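Enquirer: Build me a structure from this.
(chains A and B)
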Number of protein chains: 2
Amino acid sequence: MLTGRSPSTESVERARPDVAVIGAGPIGLAIAWRCAVRGLRVALHDPAPGSGASAVAAGMLAPVSEAYFGERQLTDLLVASAARWPAFAAELTEATGADLGYRTDGTLLVGLTGDDLAEARRLWAYQQGLGLPVTALRPTELRHHEPALAPRVRGGALAPTDHQVDPRMLVPALRTAAQRAGVALVPRAVDSLSDVDADLVVVAAGCGSAALTGLPVRPVKGQILRLRAPGGVAPGFRHVIRGYADGEPVYLVPRTDGEVVLGATVEERSDTGVTAGAVQRLLRAGVDLLPELAEYDLVEAVAGLRPGTPDNAPILGPLPGRPDVLAATGHHRHGIVLTPITADLIADLVVTGVPDPLLAPFGADRFDTPDRRARVAGGVRVPAGAVGVGAVGGFEPTMEEDRWS
Amino acid sequence: MLTGRSPSTESVERARPDVAVIGAGPIGLAIAWRCAVRGLRVALHDPAPGSGASAVAAGMLAPVSEAYFGERQLTDLLVASAARWPAFAAELTEATGADLGYRTDGTLLVGLTGDDLAEARRLWAYQQGLGLPVTALRPTELRHHEPALAPRVRGGALAPTDHQVDPRMLVPALRTAAQRAGVALVPRAVDSLSDVDADLVVVAAGCGSAALTGLPVRPVKGQILRLRAPGGVAPGFRHVIRGYADGEPVYLVPRTDGEVVLGATVEERSDTGVTAGAVQRLLRAGVDLLPELAEYDLVEAVAGLRPGTPDNAPILGPLPGRPDVLAATGHHRHGIVLTPITADLIADLVVTGVPDPLLAPFGADRFDTPDRRARVAGGVRVPAGAVGVGAVGGFEPTMEEDRWS
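Expert: Numbers count the residues shown, from 1 in each chain, chains lettered A, B, ... in the order given. Below is the predicted model of the structure:
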């Protein structure tokens, strides 16, 4: 356990944190907050907090509509994290007084054309087969839920438990909560794990995690638009709306202040340029589903880089051979919804040394390769005397369980 | 004439300019420059030079492709002004050393669908009937001129004398030229003609001209996009390309630095919001004509307000009843191409008092109404002793010819 500390050593140890978290996106902020609340001394390293993927993200809390073929374990994690969101949001608002833009109006799933609807129905059937709440709607019911939908939208369904939060409100709230709990923000970039001096290091650096750890986290570009209803009024729809429009997967997230987030591309590219073709396709899909959007102001077009992994699921747990380094990264499209469970499970692991069974499918060892280990050995300088040196030197994953107890 | 001034009165008159120009867009700047070069003392009033329609404009010098049914006199003026552009550009570059982005690669006129081509051909026939150089191209010739055109573009024509300049390079050059010629820039807004103390006032205030003069100049909104070829290279086409794409009138202006201007909407609105629907239509039209644009970066989406008039032609000459106030406004879509001739004719009029016959169709009196005269009488305070007081008081246009000699 990392909670105990004798008074006699406190002054000596003051400069050295118990836990250093690298990356102050929502994942890193929430982990730092949770650890600090449990009494640990936490340093959080980031030259530009909140400037990564979360600044671009739409903030859908959508375990049901994000449940996709072949990702059963990920879906379970999404569902478990979404279930924690109400309490997490309440606790965060309690700690900070901040509005998070948290809305529980539910999500309408739609198909524009007959082909789109057929594709959507295949997915809804899969989701229903998992026992997830997806209810097909008759056309009149669909219009009853959202009269602003285009008449040509062929059909839809309701996912009442898929909600939303505004990441641009969430991140400042998490930062306030973390700082109030005593987290020390270190506004410097970390180029190597050896630059960080702490008993434990948590890498929550999004796409930057690959260079630090050798883990297979790659950038997955997403372009996204922000529109605004004219006249400063709320958008003419209240549900998150997502589906297919002439083959284009698209979502629309309405905020109470009039903003509508329209996203997003999924591109295997690492640049952050906003391209004419992507903007055109997103706008076309959005306007086809909700004609009133044509008169909305286009106020922002931006691209971000999601931290993707080979199986689209996050990496949560110790690096092979480095029990003093925990990964909490690779959240891909799911960083916002997975923030509560990631923070809770990682903080639990830090404090108790015992991994929650929920973490089992998401260990870093599932991607371990000799290549990765060689890269880590070459790229990371470990200070003399640090736990895990032998393991890295020998390229062998060694779980030193007593480190956690 | 306004050129002569006896040495004995020079010190007294130093503070008072011969000419005050209101508005430092390209029109006002060029008039001020031309007047200063001719030895007049010129004050140019604008709180934000170059911040109006010209900051948004594409800069096509296109008398041929802008020649439209029912606008014969305007077309003549466009042709006459375009003919002055080479010398004007050379003189401006000589005076400033500035690159203006002036390009003479010509304009390709295209129709995407059969319907678009039919519509375009109707216009080309009209333009050819005026004796303007428009040459229909066979499809192979069209591709030879621009291989990047989409295969589905049905047909096109060449307007070799329709050129381009970059307004964002033109305006700073004009400002430099004007200042080097001695023009005094007064960075304050003018709310009333009576705020300006000069022998002669030239109103070149774009959409702001209506409030100053009562002339029927109204804002015509244009939304326009700027794209950029990836990798910092020049665009994959060199002609200006304009035409119709599924009914959408559109133009594409390639700059040597990689920028492509894609425009523009024509909307009877006075807001400057960028709307999702307009951006989507422009991008769709652009990408349909030139598929490579899909991979270009979208770097700017902006709206401006053109100063439109009831007959789409500018207003050039004295206000009815106010021979001391010359209008040079209402240039609508044509401000850039009309800059040289407007500057020359207005400067000539200022200096000689004799209006060039080219000005005859564009006088302010063609829109004169009792309503306008009443508004001017109510809105403009004329200092005691100023020329034209009586005329304003009597609501009667009075040309005081000796004022100009």
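Enquirer: Please count neighbours and contacts with C-alpha atoms only from this point.
Expert: OK.
Enquirer: quick one: A:L170 and A:G304, what's the gap?
Expert: 17 Å (CA to CA, to the nearest Å).
Enquirer: now do A:A32
Expert: Counting by CA to CA, the gap from A:A32 to A:G304 is 23 Å.
Enquirer: Those two: which has the busier surroundings?
Expert: The neighbour comparison of A:A32 against A:G304 (other CA atoms under 10 Å in any protein chain shown) goes to A:A32, with 37 against 24.
Enquirer: My read is that that one contacts A:V21, right?
Expert: Yes - counting by CA atoms under 8 Å, A:A32 touches A:V21, with 6.6 Å between them.
Enquirer: so what secondary structure elements neighbour the host helix or strand of A:W33?
Expert: Following DSSP states H and E, the helix or strand that holds A:W33 is helix A:26-37. For helix A:26-37, the packing partners by 3 or more CA pairs under 8 Å, 6 or more residues apart in numbering or on different chains; DSSP states H and E come out as strand A:19-22, strand A:42-45, helix A:167-180, strand A:322-329, helix A:339-352.
Enquirer: State the mean pLDDT of the fourth one.
Expert: Put plainly, it is strand A:322-329. In this model, strand A:322-329 has a mean pLDDT of 97.
Enquirer: Sheet partners, orientation included, of that strand?
Expert: Paired neighbours of strand A:322-329 in the sheet (DSSP bridges): strand A:200-203 (parallel), strand A:315-319 (antiparallel).
Enquirer: got a list of what the nearest residue to A:P187 once chain neighbours are set aside touches?
Expert: Spatial nearest neighbour of A:P187, chain neighbours left out: A:P47 (4.2 Å); criterion: CA to CA, 6 or more residues apart in numbering or on different chains. Contact analysis of A:P47 by CA atoms under 8 Å, 6 or more residues apart in numbering or on different chains lists A:186-189.
Enquirer: go on, A:L142?
Expert: A:155-157.
Enquirer: picking up where we left off before, touching the helix holding A:W33 from outside, list them.
Expert: Contacts for helix A:26-37 (CA under 8 Å, 6+ apart): A:21-23, A:41-44, A:50, A:54, A:170-171, A:174-175, A:177-179, A:181-183, A:203-205, A:328-329, A:335-336, A:339-340, A:342-344, A:346-347, A:350-351.
Enquirer: Show me which of these are buried.
Expert: Neighbour-count burial (16 or more other CA atoms under 10 Å in any protein chain shown) applied to these gives A:21-23, A:41-44, A:50, A:54, A:170-171, A:174-175, A:177-179, A:181-183, A:203-205, A:328-329, A:335-336, A:339-340, A:342-344, A:346-347, A:350-351.
Enquirer: State the number of residues packed around the residue in the stretch 101-250 of chain A that chain B sits nearest to.
Expert: Nearest to chain B, among the residues of the stretch 101-250 of chain A, is A:L227, at 7.3 Å (CA to the nearest CA). Neighbour count of A:L227, defined by other CA under 10 Å: 27.
Enquirer: Residues in a beta bridge with it, which ones?
Expert: Beta-bridge partners of A:L227, as defined by DSSP bridges: A:V260, A:L298.
Enquirer: That one reaches A:R255, doesn't it?
Expert: No - counting by CA under 8 Å, A:L227 sits too far from A:R255 to count as a contact (10.3 Å).
Enquirer: Against chain B, how distant is A:A62?
Expert: Using CA to the nearest CA, to the nearest Å, we find A:A62 at a distance of 26 Å from chain B.
Enquirer: Leaving out the residues flanking it, which one is nearest to that residue?
Expert: Distances taken as CA to CA, 6+ apart put A:D162 closest to A:A62, at 4.3 Å, once the chain neighbours are dropped.
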